[in-house]
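> Quick one, what's the 3D model for this:
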Amino acid sequence: MQITLELDDRFVDATADGFDAVLRHGPIADNRLIAKRIAHSRRLLVASPDYLASHGQPRSPDELERHCGVLYTNRDSDWRFGGAEGWIVVRPQASLRVNNGLVMRDAVAAGLGICLLPSFFIHEQLATGALVALDIGVAAEGAELHLAYPRNSGASLKIAALARSLTQSFGDPPYWEKPVIR
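Okay, the predicted model is just below:
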């Protein structure tokens, strides 16, 4: 098997752009794709200790809206949290908008604001204390990590092998949901 890995945070059109398969974090709305769940990922609100020392720690969704946010440009910039009465939407002030999760993580670690990030991007920074998870009394909307492939191509042996390899590599629960051992 030969693999070409293209790293891009935009949502490519797997069918039209000629991809055998794509990894997606979140729901798969394209009915031309078949999606196989690979792993679960929480989304966590995080900030650097320096940002929290300067600006305080929000304790509620209302307080969170008054903070600076590092926002993802390829997704609605609204942050959704599950409350007792349904979904709560928070729209923080943007200190930075960017289309890459790793850049978002580094910007938050540098103290530019608060960010809502998938746990697979931040598990090591949480373990070292470079980032702090925030508790505002409600949990952020989670997401599933899917391997998606065009419906018209069917599940080839190489896609099945990739799905098995990713599932085995990530683990159950996935490694990013386990404490980091140093």
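> check contacts around the spatially most central residue of the chain.
Note on the chain: the residue nearest the mean C-alpha position is Pro118, at 3.0 Å, using Cα atoms, centre = their mean. If a contact means Cβ atoms under 8 Å, 6 or more residues apart in numbering, then Pro118 has His25, Ser41, Arg42, Arg43, Gly101, Ala143 as its contacts. Backbone N, C-alpha and C define where each C-beta goes, glycine included.
> change it to 7 Å
Contact partners of Pro118, counting by Cβ atoms under 7 Å, 6 or more residues apart in numbering, are His25, Ser41, Arg43, Gly101, Ala143.
> In the sheet, which residues pair with it? Tell me.
Arg43 (DSSP bridges).
> measure it to Ala148 for me?
17 Å (Cβ to Cβ, to the nearest Å).
> What ranges does the chain have for its helices?
Using DSSP state H, the helices of the chain run over 49-55, 61-65, 101-109, 119-128, 157-170.
> and Thr15, which of those is closest to it?
helix 157-170 (13.9 Å; Cβ to Cβ).
> Distance from the chain centre to the closest one, please.
How far helix 157-170 lies from its chain's middle: 20 Å, per Cα atoms, centre = their mean, to the nearest Å.
> likewise stretch 22-34?
Chain-centre distance of stretch 22-34: 15 Å, with Cα atoms, centre = their mean.
> now swap in stretch 41-56 and tell me
With Cα atoms, centre = their mean, you get 16 Å for stretch 41-56.
> For it, buried residues please.
Residues of stretch 41-56 classed as buried by neighbour count (16 or more other Cβ atoms under 10 Å): Ser41, Arg42, Arg43, Leu44, Leu45, Val46, Ala47, Ser48, Tyr51, Leu52.
> closest to Ala160 among those residues?
Ser41 (22.2 Å).
> before we move on, back to that, now render the buried residues of stretch 41-56 as JSON lines, adding distance to Ala160 and pLDDT.
Putting the buried residues of stretch 41-56 into JSON lines (distance: Cβ to Cβ, whole Å; pLDDT from 0 to 100) gives the following:
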{"residue": "Ser41", "distance to Ala160": "22", "pLDDT": "88"}
{"residue": "Arg42", "distance to Ala160": "27", "pLDDT": "89"}
{"residue": "Arg43", "distance to Ala160": "29", "pLDDT": "91"}
{"residue": "Leu44", "distance to Ala160": "32", "pLDDT": "94"}
{"residue": "Leu45", "distance to Ala160": "36", "pLDDT": "96"}
{"residue": "Val46", "distance to Ala160": "35", "pLDDT": "97"}
{"residue": "Ala47", "distance to Ala160": "41", "pLDDT": "98"}
{"residue": "Ser48", "distance to Ala160": "41", "pLDDT": "98"}
{"residue": "Tyr51", "distance to Ala160": "44", "pLDDT": "98"}
{"residue": "Leu52", "distance to Ala160": "45", "pLDDT": "98"}
